[in-house]
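*Asks:* What would the 3D arrangement of this be:
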Amino acid sequence: MLEASVRPRKYIVIRYKSTSNRGGAAVTTKFDGLSDLDYEALANLRYRIRKFRQFSIKAAERLGLSPQQHQALLAIRGLGVGGQMSIASLAERLFIPVDAGLELARSLEAQGSVVIEVKARRKPVARLTEEAQGLLRQLTSAHLHEIREMAPELTLALRVLQDHRRMEMAAWMQ
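*Replies:* The predicted model follows:
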């Protein structure tokens, strides 16, 4: 269980270590000064996120969608304009290459969830069908219910991380 109060540490020097992530870009991380609470709070937050993700995967699969198809439909509806989105924008929102975004849109088109429109000299656009909007209403309703149920746990996990960081900064500034 996470402790409500943690004794702040005084840092004279904070060491940083540069590491490389998968994309090859350097990431700066604090080399030392991590407490058991930091690890526990981060592990707790990531557990809550995985729990929601598992719920989301199962909900999408029950309606015959892959998780990525569900994410695509949600992106088109929630971030597109008028229930449509360019394939390039869809790919950007899902962190996939444009050709993979087009393939995903084509799979959705094959099952009747989107219509891909290409107008003269314009980028291809995916537009939701009525069927897709019905599926999305069901999924979104279930997801909002689940996330609202999880909100207190997620909020607590985030607050612990945030409050602990503030305490570190206060100790460092003294």
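*Asks:* Residue 130: how many residues sit nearby?
*Replies:* Close neighbours of residue 130, defined as other CB atoms under 10 Å, add up to 8. To be clear about C-beta, it is placed using only N, CA and C from the backbone, and glycine gets the same treatment.
*Asks:* likewise the one 4 residues further on?
*Replies:* For residue 134, the number of neighbouring residues by other CB under 10 Å comes to 13.
*Asks:* before we move on, what about the one 10 residues further on?
*Replies:* Using other CB under 10 Å, the number of residues around residue 144 comes to 10.
*Asks:* and it, what is it in contact with?
*Replies:* If a contact means CB atoms under 8 Å, 6 or more residues apart in numbering, then residue 144 has no contacts.
*Asks:* any idea which element it lies in?
*Replies:* helix 130-173 (DSSP states H and E).
*Asks:* mean confidence score for that helix?
*Replies:* Helix 130-173 carries an average pLDDT of 86.
*Asks:* Centre of the chain to that helix, how far?
*Replies:* Remark: helix 130-173 is offset 10 Å from the chain centroid, using CA atoms, centre = their mean, to the nearest Å.
*Asks:* try stretch 42-49
*Replies:* Distance, centroid of stretch 42-49 to centroid of chain: 13 Å (CA atoms, centre = their mean).
*Asks:* got it, and stretch 37-44?
*Replies:* Per CA atoms, centre = their mean, the centroid offset for stretch 37-44 relative to its chain is 19 Å.
*Asks:* Same check on stretch 39-50?
*Replies:* On CA atoms, centre = their mean, the centre of stretch 39-50 falls 14 Å from that of its chain.
*Asks:* going forward, begin numbering at 47 instead of 1
*Replies:* Right, with 47 as the first residue, what we last looked at is stretch 85-96.
*Asks:* May I have it as CSV, with CA atoms only?
*Replies:* Extracted in CSV, the C-alpha atoms of stretch 85-96 (Å, rounded to 0.1, in the frame of the first residue of the first chain):
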residue,chain,number,x,y,z
TYR,A,85,8.7,2.1,-8.1
GLU,A,86,5.6,1.1,-6.3
ALA,A,87,3.6,4.1,-7.6
LEU,A,88,4.7,3.7,-11.2
ALA,A,89,4.0,-0.1,-11.1
ASN,A,90,0.6,0.6,-9.6
LEU,A,91,-0.2,3.1,-12.4
ARG,A,92,1.0,0.8,-15.1
TYR,A,93,-1.1,-2.0,-13.7
ARG,A,94,-4.2,0.2,-13.8
ILE,A,95,-3.5,1.1,-17.4
ARG,A,96,-3.0,-2.5,-18.4
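*Asks:* Alright, that wraps it up for me.
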